[in-house]
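Engineer: Pasting a predicted model and its sequence here:
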Amino acid sequence: MPTKTLLSLGLALVLHNQASAATAVQTHGALKVDGNQILDASGAPVSLAGPSLFWSNTGWNADRYYNREVVNYLQEQWNAPIIRAAIGAGAHGGMLTHPDENIKKAETVIDAAIEQGMYVILDWHAHHAEDHPKNAIAFFDHFATKYGDTNNIIYEIYNEPLADTDWHTVIKPYAETLIAHIRAIDPDNLIIVGTQTWSQDVDKAAESPITGYDNIAYTLHFYAGTHKQALRNKAEQALDQGAALMVTEWGTVNANGDGAVDRESTEQWLTFMREHNLSHANWALNDKQEGASMLKPGTKPDGNWTDDDLTESGLYVKSIIKNWHQVNYSVDKK
């Protein structure tokens, strides 16, 4: 075959691949739980890596990153197929005092994620969610009604119950109530249930799992500077008992959100998550003066960032997310 013809065929193939580029949601479709695995629509285990936004609370200054430009940047520059919106559920600028503002922020992120073909974790970011179940029900009823017919939405119904918030008598009954309301509207999108002790006691949830509903997984949180093999043992036990897990929040630093990046421990956790096909969202896309923040203090919320705008953790996490996936997800620009 003439060289010119070969070159033409090669160019045509490149152009075809560019034109047929698929988003994450187009690639994986509806997520579903099967045993201890979260699978995509083809039945293959799926592991998605992305960032978590910081608390959405009005007046905390992190909510300025809840915009379309930031979401676009994360997908287009980091190849992130998933993002987490941490909607503050309490007072002090959260859903109890500023519900309309926080709902609008969540919708802005979700709409942008849908445009980019990303999955979005809608997180009821609370430590005492059982104190205000009616507010949580109204919140998830609203979002299930508006977005439940998309494959993008993932419901995280309780971020981090505290150590003394019992799984059996408090968290599980709360979760069953929320799940019943969501499932009455949205029968199939993934629901992630928080676990005792800041979402570390996944073993307790696995011993007494929620039954009667499909596509239920449990939340595992870790901070690499603090949490080591003992927590991985808990997670392994939960997986062995058949619980599906998602790491909806993790950090490269200490559990208080500060301190130096612990690369050795982080790499051990990354290996664990790869081995078990766990999806995960890193805390946090914010410019607060602390070790966990991805952005340096004062970084503008326009998504027009270079590596100079990123902290040590931010640069590390960017590399993790960009190199996590086997494909480059993108929106077809035709």
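Structural biologist: Cool, the structure landed.
Engineer: surely Ser52 meets Ala281?
Structural biologist: Yes. The criterion here is Cβ atoms under 8 Å, and Ser52 meets it with Ala281 at 4.1 Å. C-beta: built from backbone N, CA, C; applies to glycine.
Engineer: Pull up the overlap in contacts between the two.
Structural biologist: Taking Cβ atoms under 8 Å, 6 or more residues apart in numbering as the criterion, Ser52 and Ala281 both touch 83-84, 121, 248-249.
Engineer: Could you export the residues you listed as JSON lines, including pLDDT, neighbour count and secondary structure?
Structural biologist: Shown next, in JSON lines, are the shared contacts of Ser52 and Ala281 (pLDDT from 0 to 100; neighbours: other Cβ atoms under 10 Å; DSSP: H, G, I helix; E, B strand; the rest coil):
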{"residue": "Ile83", "pLDDT": "99", "neighbour count": "26", "secondary structure": "strand"}
{"residue": "Arg84", "pLDDT": "99", "neighbour count": "27", "secondary structure": "strand"}
{"residue": "Ile121", "pLDDT": "99", "neighbour count": "27", "secondary structure": "strand"}
{"residue": "Thr248", "pLDDT": "98", "neighbour count": "27", "secondary structure": "strand"}
{"residue": "Glu249", "pLDDT": "98", "neighbour count": "28", "secondary structure": "strand"}
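Engineer: now, which of the residues you listed sits nearest Glu160?
Structural biologist: Proximity of the shared contacts of Ser52 and Ala281 to Glu160 (Cβ to Cβ) peaks at Glu249, which lies at 7.7 Å.
Engineer: my guess is the closest one contacts Ala292, does it?
Structural biologist: No. Counting by Cβ under 8 Å, Glu249 sits too far from Ala292 to count as a contact (9.9 Å).
Engineer: overlap in contacts of those two?
Structural biologist: Trp283.
Engineer: Setting aside sequence neighbours, what's the nearest residue to Thr58?
Structural biologist: Nearest-residue entry for Thr58: Gly93, 3.9 Å, with adjacent residues in sequence omitted and distances by Cβ to Cβ, 6 or more residues apart in numbering.
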